[in-house]
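A.B. asks: Generate a structure from the sequence data that follows.
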Amino acid sequence: MNDMLACISSIPDTREWGGGSYSQRNSFYPTDAEDYLKRERALQEGISIVRNLADNPIKPNRIQQLMNECHFGLLQIKDANEWIEDALMRPDPVALWKSLWYEEEICCLFADSNLGKSVYACNIANEISKTRPVLYCDFELSDKQFQIRFTNTQTQKRYGFNENFKRAELSDAANYCEPCNFEEAVIKSIEDTALGLNIKTIIIDNLTWICNSSDNGDAAGILMARLVQLKKNHGWSILVIAHTPKRSLRNPIDQNTLAGSKKLMNFFDSAFAIGRSAKDENLRYIKQIKCRSGAFEYGEDNVIVADIVKEPNGYLHFNEIGHDREAHHLREKDDKEINLINNKIVELRRNGKTFRDIASELGISLAKVQRCLTKANL
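C.D. replies: Below you'll find the predicted structure:
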């Protein structure tokens, strides 16, 4: 018993790994051999503890006491009520942008090309900067493109942003960074900048620039794990802008629309998307896709409808017109297209595809696949 308790007490307290220098923090990407060995030792000791508990049963109340006093390797264990009591000591998250993005969340804004993702992201940053500092990491536009976007070209009137709006772009040093280390170097630079400026609200535009394989679920998942770690370590709020593959205006936007598959969506606390209206090419609609902290207000029956306008003072922004059903902004399918889809469903099924694979590949619902194959007796 004494040996087991001594082993438990020797486990490093992982709560301390959240502070210190970059190489000292608990990371899935250790950059320091000593840090790696510390984590590996803790993991092995945690495994040993669990085996000891299994081989040498002790009283339940003592087990509970040990669980409350220490960590098991990388895991911290409390009973459910204690987690709730601890969480009650912290304030509830505050909405940063409508009910779409809350404090201490990693959120995703995604859309197809040329629908105004960066414009909308700048609008969000501009509004938030009126009450708190924001770091906008712009890997999409050059400084000249940014200037033109927020300048009235007829009068040369330039929009004046709040001083809390901090914009960052890649420096010339990025040209000399090894490709294999580029993603980690960018994340490290974002972390150092936010810590140095004491900024907790960060917008990254966009995911593709940080991760060249963002359409690959596994590669993007590794990057997202790093961002999740930064959120937890520092209590940051992060909005990530992402591209989507070309989408038919006949299909509603859902979690599968995001490049990198639905698996990538699992890393985000919340998500919303911009779609182009089939009724008017100048109209956009904003749809809430995922929500954990607040109300789900802007789903398929209540999307935000807007157009993009530039004010006389040079401010380019989404001008909200009202709310509508997403179905009113989708293109209707004709009989010919419906038949093509049904034939494709049957073909894929005969080639051995599962119902879910067919639905994912064609961007349609599982229920539609089931109805079609039932009629085809397959």
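
A.B. asks: What residues does Asp112 make contact with?
C.D. replies: By CB atoms under 8 Å, 6 or more residues apart in numbering, the contact set of Asp112 is 243-247, 276. Backbone N, C-alpha and C define where each C-beta goes, glycine included.

A.B. asks: That one and Lys246, how far apart?
C.D. replies: From Asp112 across to Lys246, the span is 6 Å (CB to CB, to the nearest Å).

A.B. asks: just Asn266 next, same as before
C.D. replies: For Asn266 relative to Lys246 (CB to CB), the value is 23 Å.

A.B. asks: neighbour count winner among the two?
C.D. replies: Using other CB atoms under 10 Å, the more surrounded residue of Asn266 and Lys246 is Asn266, with 12 against 6.

A.B. asks: Give me the pLDDT for the more buried one.
C.D. replies: Asn266 carries a pLDDT score of 89 in this model.

A.B. asks: Glu377: how many residues sit nearby?
C.D. replies: Quick fix: residue 377 reads Asn, not Glu. 5.

A.B. asks: Next up, the contacts around it.
C.D. replies: Not one residue lies near Asn377 by CB under 8 Å, 6+ apart.

A.B. asks: Mind pulling up the pLDDT for the closest residue to Phe355 other than its chain neighbours?
C.D. replies: Excluding its sequence neighbours, the residue lying closest to Phe355 (CB to CB, 6 or more residues apart in numbering) is Val369, at 5.0 Å. Note on Val369: pLDDT of 86.

A.B. asks: if we look at the helix or strand where Val369 lies, which residues are touching it?
C.D. replies: If you go by DSSP states H and E, Val369 is part of helix 366-375. The contact list for helix 366-375 (CB under 8 Å, 6+ apart) reads 341-342, 345-346, 349, 355-356, 358-359, 362.

A.B. asks: Provide a ChimeraX selection command restricted to the buried entries of those.
C.D. replies: Buried members of the contacts of helix 366-375, defined by 16 or more other CB atoms under 10 Å, are picked up in ChimeraX with:
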select :341,342,345,346,349,355,358,359,362
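
A.B. asks: I figured Pro109 was touching His243, is that so?
C.D. replies: Actually, residue 109 is Leu rather than Pro. No - counting by CB atoms under 8 Å, Leu109 stays clear of His243, with 10.7 Å between them.

A.B. asks: Tell me which of those two has more neighbours.
C.D. replies: Leu109 (26 against 17).

A.B. asks: mind checking the SS state of the more buried one?
C.D. replies: When classified by DSSP: H, G, I helix; E, B strand; the rest coil, Leu109 comes out as strand.

A.B. asks: Return the residues in contact with the closest residue to it other than its chain neighbours.
C.D. replies: Leaving out its chain neighbours, the residue that sits closest to Leu109 by CB to CB, 6+ apart is Ile241, at 5.3 Å. Ile241 makes contact with 108-110, 117-118, 121, 140, 203-207, according to CB under 8 Å, 6+ apart.

A.B. asks: swap in Lys200?
C.D. replies: 132-133, 194, 234-237.

A.B. asks: Could you identify the buried members of those?
C.D. replies: Buried by 16+ other CB under 10 Å: 133, 194, 234, 236-237, out of the contacts of Lys200.

A.B. asks: Report the two of those separated the most.
C.D. replies: Using CB to CB, the buried ones among the contacts of Lys200 span at most 13.9 Å, a distance reached by Pro133 and His234.

A.B. asks: Find the residues that touch each one of Leu109 and His243.
C.D. replies: Lys117.

A.B. asks: one step back: in the helix holding Val369, what counts as buried?
C.D. replies: 369, 372-373.

A.B. asks: which stretch of helix or strand covers Lys78?
C.D. replies: Residue-wise, Lys78 maps onto no helix or strand under DSSP H and E.

A.B. asks: neighbours of it, just the number please.
C.D. replies: The burial count for Lys78: 13, using other CB under 10 Å.

A.B. asks: My read is that it contacts Ile84, right?
C.D. replies: No - contact criterion CB under 8 Å: Lys78 and Ile84 do not qualify, at 9.5 Å.

A.B. asks: hey, what's Ile274 bridged with?
C.D. replies: Ala111, Ile286 (DSSP bridges).

A.B. asks: Per-residue pLDDT of it, please?
C.D. replies: So, for Ile274, pLDDT stands at 97.

A.B. asks: how near is Asn123 to Phe318?
C.D. replies: 6 Å.

A.B. asks: meant to ask about Ile187, not that
C.D. replies: 29 Å.

A.B. asks: Where does pLDDT dip in this structure?
C.D. replies: 1-71, 174-177, 179-180, 212-219, 259-262, 333-334, 363-365 (pLDDT under 70).

A.B. asks: residues touching the residue nearest the centre of it, list them.
C.D. replies: Nearest to the centroid of the C-alpha atoms of the chain, with distances taken as CA atoms, centre = their mean, sits Phe268, at 3.7 Å. For Phe268, the contact set (CB under 8 Å, 6+ apart) comprises 106-108, 224, 240, 290.
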